[in-house]
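Got a predicted model here, sequence first, then my questions.
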Amino acid sequence: MTMRRAVFLDRDGTLNEDTGYPADFRQVHIYPAAFEAVRLLKRAGFAAVVVTHQAGLGRGYFGAAELDELHRRFAEEFRRRGAGLDGIYSCPHAGEAAEPECACAKPLPGLGFQAARELGLDLGASFMVGDKPVDVRFGLAIGAVPVLVLTGYGRAAAAALEASGVRPAHTAAGILEAASWILAKGRPSGHGPV
Ligand SMILES: [Mg+2]
Ligand SMILES: [Zn+2]
């Protein structure tokens, strides 16, 4: 089986406004640029895989059925715009990123390895886009190229990363610029990003 390249995408602050712990799709405001970004990445042959920490479930702010329904509608919005997502992988546990209590919280690589197994992804030829230090660290942990976006918590993340010496390969104003950079970096298709 040919392994596909993927772009892993954080959800809150990257694809949609970070509004805390949305329990209902009506509270989710997807950035219009996110549809175009995913459409371009898909057209170039990348799988688009969302990896998100939904601690609100572990903390009891909403239930598994509500999160499933929210993600069903989230995926439907992208599909309707010709930008189908290949998967949405969530860590539902309550633990803080600083001391994860599970193997699936970013920056631990669990969700990335699971997606790679299930979807046949070439992690070394893949990218990770997110707005927090854990997203950059997760990208590095799975062997992908990490890209920071300045939406969401991105500006604070840039400062924190600078201080810690952990560097994203690129810092983009937002999801569409991140996609453009990936497309330029990832050409020609089929092999490593660099
Ligand atoms: Mg985020
Ligand atoms: Zn978890």
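Thanks, I have it. Ligands and ions are numbered 1, 2, ... in the order given.

Kindly provide the distance from the residue of the chain found nearest ligand 1 to R43.
Across the chain, no residue is closer to ligand 1 than G13, which sits at 3.5 Å (C-beta to the ion). From N, CA and C alone the C-beta is placed, and that goes for glycine too. Separation of G13 from R43 (C-beta to C-beta, to the nearest Å): 25 Å.

Between these two, tell me which one has more neighbours.
A side-by-side neighbour count of G13 and R43, using other C-beta atoms under 10 Å, places G13 first with 22 against 11.

For the more buried one, which non-adjacent residue is closest in space?
G152 (1.8 Å; C-beta to C-beta, 6 or more residues apart in numbering).

Specify the local secondary structure of A48.
strand (DSSP: H, G, I helix; E, B strand; the rest coil).

That one reaches R4, doesn't it?
No. Taking contacts as C-beta atoms under 8 Å, A48 lies outside contact range of R4: 10.4 Å.

From the opening residue of stretch 22-41 to its closing one, how far?
Using C-alpha to C-alpha, to the nearest Å, one end of stretch 22-41 lies 26 Å from the other.

Is the helix or strand in which A116 is found positioned near ligand 2?
For A116, the element it lies in under DSSP states H and E is helix 110-119. No. Using C-beta under 5 Å from the ion, we find that helix 110-119 stays clear of ligand 2, coming within 7.1 Å at best.

what packs against the helix or strand that that helix is followed by?
Next helix or strand after helix 110-119 toward the C-terminus (DSSP H and E): strand 127-130. Under the contact criterion of 3 or more C-beta pairs under 8 Å, 6 or more residues apart in numbering; DSSP states H and E, strand 127-130 touches strand 6-9, helix 133-141, strand 145-149, helix 175-185.

and the residue nearest to E17 when sequence neighbours are not counted, backbone torsions?
Excluding the flanking residues, the one nearest E17 by C-beta to C-beta, 6+ apart is H29, at 4.5 Å. Dihedral pair for H29: phi -110, psi 100, per degrees, to the nearest 10.

residues contacting the residue of the chain closest to ligand 1?
By C-beta atoms under 8 Å, 6 or more residues apart in numbering, G13 lies in contact with 130-132, 149, 151-154.

E101: neighbour count?
E101 has 10 nearby residues by other C-beta under 10 Å.

can I assume it sits in a helix?
No. Looking at E101 with three-state DSSP, it is coil, so not inside a helix.

For it, give its distance to P107.
14 Å.

returning to what we had before: list the residues that contact the residue nearest to G13.
Taking C-beta under 8 Å, 6+ apart, one finds 12-14, 17-18, 131-132 in contact with G152.
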